[in-house]
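Engineer: below is the structure, and that's it, no one-letter string:
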């Protein structure tokens, strides 16, 4: 099982995280180890190296078929579920790696860094018109709309499958819509898709 992620999907995020992302004409793709996956409502434990730690809400798509070099017009046949995920980042490490021009895998793909909620069927949903948000306690801290994506889900899958053979069970984190928020010990994080709560995580 692969966890594939996109760094530069949303212009609003790019402006705050890395303005150079907006000048890139194609998706920036990176990946996580499978041990990054956090599911079933398990708590997220902030590692000692992840201070400060941040989080961001993303749409996550579940791959349902084996595929390689998939044309965009057929990409919708290769996923069957969608949910919200929370991507955790060791922000200090990320900043240092970016300044030094180094890969950022250790800052974004450590154990438990990729939390996923309960999947709902993708069939019958317009993935170009999904609203999602993240709450910390009683406050909404992030909100996104898939209509703001530079590349829709089908185009992302077509692009990714040029480089990776995708397989049933692989996950695609489609990118953060806005700047990350702090993840603090004691936080209760809840992620919603079109008003339905699909993920709850306690930060410890």
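Structural biologist: Good, I have the coordinates. For clarity, every value in this text was computed on a predicted model and none was experimentally measured. Numbers count the residues shown, from 1 in each chain.
Engineer: any chance you could read off phi and psi for the nearest residue to residue 127 once chain neighbours are set aside?
Structural biologist: Distances taken as CB to CB, 6 or more residues apart in numbering put residue 153 closest to residue 127, at 4.7 Å, once the chain neighbours are dropped. In this view, the C-beta of every residue, glycine as well, is placed from N, C-alpha and C. With angles defined as degrees, to the nearest 10, residue 153 sits at phi -60, psi -40.
Engineer: which ones are touching residue 153?
Structural biologist: Under the criterion of CB atoms under 8 Å, 6 or more residues apart in numbering, the contact list for residue 153 reads 59, 61, 75, 79, 127-128, 146, 172, 174.
Engineer: need those in JSON lines with neighbour count, can you?
Structural biologist: Shown next, in JSON lines, are the contacts of residue 153 (neighbours: other CB atoms under 10 Å):
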{"residue": "59", "neighbour count": "24"}
{"residue": "61", "neighbour count": "26"}
{"residue": "75", "neighbour count": "22"}
{"residue": "79", "neighbour count": "23"}
{"residue": "127", "neighbour count": "18"}
{"residue": "128", "neighbour count": "12"}
{"residue": "146", "neighbour count": "23"}
{"residue": "172", "neighbour count": "26"}
{"residue": "174", "neighbour count": "27"}
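Engineer: what's in contact with stretch 134-149?
Structural biologist: Residues outside stretch 134-149 that contact it (CB under 8 Å, 6+ apart) are 9-12, 55-59, 84, 86, 127-133, 152-153, 174-178, 181, 187-192.
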